[in-house]
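>>> sequence first, predicted coordinates after that:
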Amino acid sequence: MIRACVALVAIAAFAGPAGAQVLGSDAAACRPGEGPAIAVEVTGLKDRTGELKLELYPDDEAGFLKDDHVLIAAGKTFRRVVVPTPPNGAPMLCIRGPRPGRYALLLTHNRDGKNKFSFWTDGAGFASNARLGRSRPKVEQALVEVGAGVTTVRITVQYLRGLGGFGPVTP
């Protein structure tokens, strides 16, 4: 009986906030007692189309948003998790970190199903949740300090909002 109760508590904790299921190929890394990993609660989705993509980059401007093939060939940090956008609820994605440390994290909402970011339709978000505006994001907006366990962050997705650039769907 006690063992069953402990198992239920572990499952509830793994489910994330408000029972959200942890998604992605790295989901096991976000279980209690695991890590290093980042659990990302996604908010502010414009709709439930396409897919969500979470990418982990080096913590420097030179490696931030570089092509994955270039980073991997140079032995730099890069990891990607892609999941279909769930039909409801607050999605929780998990991405494994190579070791504790500081990394840059990018979340994109690929609404059109093409494997290329569309400035006009897709959304993006970073750990700082600072308004993105019109310029290319700086690495400082995306930095996350990852410990030995599971680090949890909330990212609000931002979409093109006219001449002011990218911002959340609801202010």
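Now that the structure is in, tell me what you want to look at.
>>> pull out the buried residues from stretch 146-160.
Using 16 or more other C-beta atoms under 10 Å as the test for burial, stretch 146-160 gives 146, 150-151, 153-160. Where you see a C-beta, it was placed from the backbone N, CA and C, and this is true even at glycine.
>>> which parts of the protein are helices?
For the chain, the helices defined by DSSP state H cover 2-15, 68-73.
>>> pick out the shakiest of those, pLDDT-wise.
Note on these: lowest mean pLDDT is at helix 2-15, with a mean of 37.
>>> on that earlier part again, what's the farthest-apart pair in the buried residues of stretch 146-160?
The largest separation in the buried residues of stretch 146-160, counting by C-beta to C-beta, is between 150 and 160 at 32.2 Å.
>>> okay, now residue 112: neighbour count?
Residue 112 is flanked by 13 other residues according to other C-beta atoms under 10 Å.
>>> over to residue 44?
19.
>>> list the contacts of it.
By C-beta atoms under 8 Å, 6 or more residues apart in numbering, the residues touching residue 44 are 123, 125, 156-158, 168-170.
>>> in those residues, find the pair that's most separated.
That would be 125 and 170, which, of the contacts of residue 44, are the farthest apart (C-beta to C-beta) at 13.7 Å.
>>> counting neighbours, go ahead and name the busier of those two.
residue 125 (31 against 8).
>>> was I right to think residue 93 contacts residue 52?
Yes: if you go by C-beta atoms under 8 Å, residue 93 and residue 52 touch, sitting 6.3 Å apart.
>>> any regions of this structure where pLDDT drops low?
1-20, 171 (pLDDT under 70).
>>> that one: strands as residue ranges?
For the chain, strands defined by DSSP state E occupy the ranges 22-23, 37-43, 51-57, 79-84, 92-96, 101-110, 123-126, 143-146, 150-156, 158-160, 166-168.
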